[in-house]
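1. sequence first, predicted model second:
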Amino acid sequence: MPLPNNRTTLRKLTVIVAVMFAFGFALVPIYKRICEVTGINDFMRPDQVKNTQVDLSRTIRVEFDANIRNLPWSFKPEVTVLDVHPGELTTVVYEVRNQTDRAMTGQAVPSYGPALAGLYFRKLECFCFAKQTFAATETRQMPVVFVIDPELPKDVHTITLSYTFFELPGAAPAEVAADRAGKPVPAAPG
């Protein structure tokens, strides 16, 4: 039996590759149709997508408080009360303003009422995670993104989130303060 020549083999392989490529593209609509008929992967339809972690049967009243300790800043939440469902992703914005003519650094410390609420209050983004350096007279909007764990005890209907800003003396390097104020950074000695 004679061996096929290279051109015949190349043609056969090219046809096989083309058929495999076409079959790969045909699988997508075939798969979608099978899913529609059988009801499999119905959750993939945009009108069916929902967050199953949100407990719509409960509403928690969240109160927001802002305090300053020995710091010449203004500090307040944009909203003081919000009703949220456990499991619902929520964003609240606080406004902070350095009312002095010098750069200052502070750190916010949260507290919760009742105290056990802190175990169920999950912050995903918060200005309290790091020290905050403000240039002279700088105003900043700072978000807090949080979720209340659906496991929060059923007898808790109100949570108070209170922040207190404290000054961190000497915590602002001259370079950071000058940069925020738009002034040139002083050269290092040497």
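-> Received the coordinates, thanks. Bear in mind the structure is a predicted one, so any value in this text is a computation, not a measurement.

2. thought Arg122 was touching Asp149?
-> Yes: when contacts are counted by C-beta atoms under 8 Å, Arg122 is listed as touching Asp149 (6.1 Å). Placement of C-beta: from N, CA and C, glycine included.

3. in the biggest helix by length in the chain, which residues are buried?
-> When the chain is parsed with DSSP state H, its longest helix is helix 6-38. Buried positions in helix 6-38, judged by neighbour count with 16 or more other C-beta atoms under 10 Å: none.

4. try stretch 144-157
-> Buried residues in stretch 144-157 (16+ other C-beta under 10 Å): 144, 146-148, 152, 156.

5. list just the nearest of the residues you listed to Leu13.
-> Nearest to Leu13 among the buried residues of stretch 144-157, counting by C-beta to C-beta, is Val147 at 55.0 Å.

6. so the closest one sits against Glu88, correct?
-> Yes: the criterion here is C-beta under 8 Å, and Val147 meets it with Glu88 at 6.8 Å.

7. any stretches of this protein with poor pLDDT?
-> Filtered on pLDDT under 70, the chain yields the residue ranges 1-4, 39-52, 170-190.

8. great, nothing more from me.
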